[in-house]
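# can't give you the sequence, but here's the structure:
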DNA sequence: CCATCACAGTGACAAAAGTCACAGAACTGT
DNA sequence: ACAGTTCTGTGACTTTTGTCACTGTGATGG
């Protein structure tokens, strides 16, 4: 597929050409409609996930109904958690969902491992992925540990803004879920933020104003 | 130093002999008295930290006085965060403190990078370090995000128990700091735990009972 | 056009955690 | 032995967050 090669070149420019070629051979391409789950909690992964197109939302879940937004993945990035689970042959404790229609590459575990020694650029990529996600995670941890819910809400909205723009099509219920809070509380806090002029509330979407 | 080689063999058995030899040449050994900070927030790191002996406490801090226990490092382990900061030439946002007298190896950044391609076992070690710490961090995140303070307190105590044994020499104030709470609250919760028979309170130390 | 449904707003109350004030107990050095 | 310090316990209060109950409102589909 011509299109595929272009995407690879565009978003994975740092990988050496040989590796890109082998990626096309060894990896499975998968197209995901909006809303589809790529990874589910409790699943055993046997592949690493690389994102070619679209937007993925990676979140943490526990036994009960709690879920929790960790970070977004954009094209050219890989899911560190998927590598981690795959490598350990353990159950996934996270889930990934396509926020918008997405196209991913699935690299089988054993291939990914082989490449680590074969291609320096792959190795760098993997290490880089861990590093980036580690930092994201630290930020999230900070927010949860040190900030109160209203600050975290703002943090959450900004994070969404970065990848989705100013118009967020999302319900209060969903937000509550991803911040592990309850709808009523989120409603109240959003109202406050509206009064402060940070955003405007509409039915089923929130309009963020530019930062002053 | 003979002792040093023994320690290396003992705790870093998975590293190939050549690498262990080179470690002795290239890395700086540093002895830390109890309580000493190895890494401070805001510092620029130029080395990765490997632990040979003793116990290190790695915590996160923010601008204000908040601090936050992330995990403990035991001999044979390396600080993933130190690798991360060093590699990025960024300011450290964490701190590491010797809980008991410790001996560490400092591997200069450029050497560590060179080894990544030179020694497969080093490469495996680094990836493994990221993975382990990633998982620890996820656990911590879970605790903070989903658990209430009394559960987190228990989680914290167990974590300490694993590395320090049943007798914890620690004040309520310190605990409060590392859980980002306040002394009074911790005192009260500890009292509850004592009533439940989980532990016994003494001045400046807490005795954990065996898990039933 | 109306029944249904998801979404949003709100008041009242409960629970969890943080803050303030103070007191006593145990250690420390002189 | 005594003063000073650190650690701990506790009651009263506030703030933040969660829960419950109920209302309104727009969308959608027969």
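Structure received. All figures in this text were calculated on a predicted structure; none of them were measured in a lab.

# what ranges do the strands span in chain A?
Applying DSSP state E to chain A gives strands spanning A:28-32, A:37-39, A:47-61, A:67-73, A:94-108, A:167-168, A:199-202, A:205-208.

# Can I get the ones you listed in TSV including mean neighbour count and distance to DNA strand C?
Yep, even glycine has a C-beta here, placed from its N, CA and C like the rest. Formatted as TSV, the strands of chain A follow (neighbours: other Cβ atoms under 10 Å in any protein chain shown; distance: least, Cβ to the nearest atom of the strand, whole Å):
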stretch	mean neighbour count	distance to DNA strand C
strand A:28-32	14	21
strand A:37-39	18	18
strand A:47-61	22	16
strand A:67-73	21	15
strand A:94-108	20	15
strand A:167-168	16	10
strand A:199-202	14	5
strand A:205-208	16	7
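
# looking at the ones you listed, which is closest to residue B:161?
Nearest of these to residue B:161, taken as Cβ to Cβ: strand A:47-61 at 25.3 Å.

# which helices and strands sit right next to that closest one?
Helices and strands touching strand A:47-61, by 3 or more Cβ pairs under 8 Å, 6 or more residues apart in numbering or on different chains; DSSP states H and E, are helix A:2-11, strand A:28-32, strand A:37-39, strand A:67-73, helix A:80-88, strand A:94-108, helix A:109-118, helix B:120-146.

# Please see if the longest one touches chain A.
So that's helix B:120-146. Yes. Against chain A, helix B:120-146 shows contacts by Cβ under 8 Å from any Cβ of the partner chain at B:120, B:123, B:126-127, B:130-131, B:133-135, B:137-138, B:140-142, B:144-146.

# and that helix with strand B:47-61, angle?
0 degrees (axes from the mean of the first three to the mean of the last three Cα atoms, to 10 degrees).

# State the mean pLDDT of helix B:120-146.
On average, the pLDDT along helix B:120-146 is 89.

# Check the third one too.
Confidence over strand A:37-39, taken as the mean pLDDT, stands at 88.

# The helix-or-strand element of chain A with minimal mean pLDDT - contacts with which helices or strands?
Sorting the helices and strands of chain A by mean pLDDT, DSSP states H and E puts helix A:80-88 at the bottom, at a mean of 78. Contacts defined by 3+ Cβ pairs under 8 Å, 6+ apart place helix A:80-88 against strand A:47-61, strand A:94-108, helix A:109-118, helix A:120-146, helix B:120-146.

# is it possible to export the ones you listed to CSV including distance to residue B:78?
Below are the helices and strands packed on helix A:80-88 laid out as CSV (distance: least, Cβ to Cβ, whole Å):
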stretch, distance to residue B:78
strand A:47-61, 23
strand A:94-108, 24
helix A:109-118, 18
helix A:120-146, 13
helix B:120-146, 5
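
# Now tabulate the ones you listed in a markdown table and tack on distance to DNA strand D.
Listed next are those as a markdown table, based on distance: least, Cβ to the nearest atom of the strand, whole Å:
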| stretch | distance to DNA strand D |
| --- | --- |
| strand A:47-61 | 16 |
| strand A:94-108 | 20 |
| helix A:109-118 | 38 |
| helix A:120-146 | 11 |
| helix B:120-146 | 10 |
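
# so how far is residue A:81 from the closest residue to chain B within chain A?
Nearest residue of chain A to chain B, counting by Cβ to the nearest Cβ: residue A:130, 4.3 Å away. With distances taken as Cβ to Cβ, to the nearest Å, residue A:130 is found 10 Å from residue A:81.

# Same question for residue A:148.
In terms of Cβ to Cβ, residue A:148 sits 27 Å off from residue A:81.

# of these two, who's got more company?
residue A:81 (27 against 9; other Cβ atoms under 10 Å in any protein chain shown).

# Please give me every residue in contact with that one.
By Cβ atoms under 8 Å, 6 or more residues apart in numbering or on different chains, the contact set of residue A:81 is A:39, A:58, A:92, A:94, A:133, B:134.

# Next, format the residues you listed as a markdown table and append distance to residue A:13.
Shown next, in a markdown table, are these (distance: Cβ to Cβ, whole Å):
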| residue | distance to residue A:13 |
| --- | --- |
| A:39 | 26 |
| A:58 | 23 |
| A:92 | 29 |
| A:94 | 27 |
| A:133 | 20 |
| B:134 | 26 |
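
# Would you mind listing the two of these that lie farthest apart?
Maximum pairwise distance among the contacts of residue A:81 (Cβ to Cβ): 15.7 Å, between A:39 and B:134.

# Flag every residue of chain A that's near DNA strand C.
Residues of chain A found near DNA strand C (Cβ under 7 Å from any atom of the strand) are A:171-173, A:183-184, A:187-188, A:190-191, A:201, A:203-205.

# do you know which of the strands of chain A lies nearest residue B:15?
Closest of those to residue B:15 is strand A:47-61, at 25.4 Å (criterion: Cβ to Cβ).

# Just want the angle from that closest one to strand A:94-108.
Using the same axes, to 10 degrees, strand A:47-61 lies at 180 degrees relative to strand A:94-108.
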